[in-house]
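# just a sequence and a predicted model for now, questions to come.
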Amino acid sequence: MADSAPDVKKLPFEQAIAELETIVKKLEEGKVPLEESVAIYERGELLKKRCEELLAQAEARVEKITLGAGGKPSGTEPLDVD
């Protein structure tokens, strides 16, 4: 992968997943030289980890809506991630 590739730790989810999809396509095509395949596979692993971290952070912020006696939303409470 080029040295000018953005730092994985700073990528937003959408950009990380798009780059990961591109890497998967290249590897599936099998037209990438072995050395480059290893390099992009390693970057793909970092991108996968970044996406998982971002998804976990988003999930932790999700709140579920609580309903009052009349069936109308009465507030929120933290998502039970267990």
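That came in fine, so what should we check first?
# tell me, how many residues neighbour Glu19?
Neighbours of Glu19 under the rule other C-beta atoms under 10 Å: 22. Backbone N, C-alpha and C define where each C-beta goes, glycine included.
# also Leu20?
When neighbours are counted by other C-beta under 10 Å, Leu20 registers 20.
# quick one: Glu45 and Pro6, what's the gap?
Separation of Glu45 from Pro6 (C-beta to C-beta, to the nearest Å): 16 Å.
# which one of these two has more residues nearby?
Set side by side, Glu45 and Pro6 show more neighbours around Glu45, with 13 against 10, by other C-beta under 10 Å.
# what's the helix or strand for that one?
Glu45 is part of helix 34-61 when elements are defined by DSSP states H and E.
# so where is this protein shaky, pLDDT-wise?
Residue ranges of the chain with pLDDT under 70: 1-4, 62-69, 71, 73, 75-82.
# check contacts around the residue nearest the centre of it.
The centroid of the chain falls nearest to Cys51 when counting by C-alpha atoms, centre = their mean (1.8 Å). Cys51 is in contact with 13, 16-17, 20, counting by C-beta atoms under 8 Å, 6 or more residues apart in numbering.
# if you set the cut-off to 6 Å instead, what comes out?
Cys51 sits next to 16-17 when contact means C-beta atoms under 6 Å, 6 or more residues apart in numbering.
# and the nearest residue to Leu20 once chain neighbours are set aside, what is it in contact with?
Closest residue to Leu20 apart from its sequence neighbours, by C-beta to C-beta, 6 or more residues apart in numbering: Leu47 at 4.2 Å. Residues near Leu47 by C-beta under 6 Å, 6+ apart: 8, 16, 19-20.
# adding secondary structure and distance to Gly70, write those out as TSV.
Shown next, in TSV, are the contacts of Leu47 (DSSP: H, G, I helix; E, B strand; the rest coil; distance: C-beta to C-beta, whole Å):
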residue	secondary structure	distance to Gly70
Val8	helix	48
Ala16	helix	43
Glu19	helix	47
Leu20	helix	45
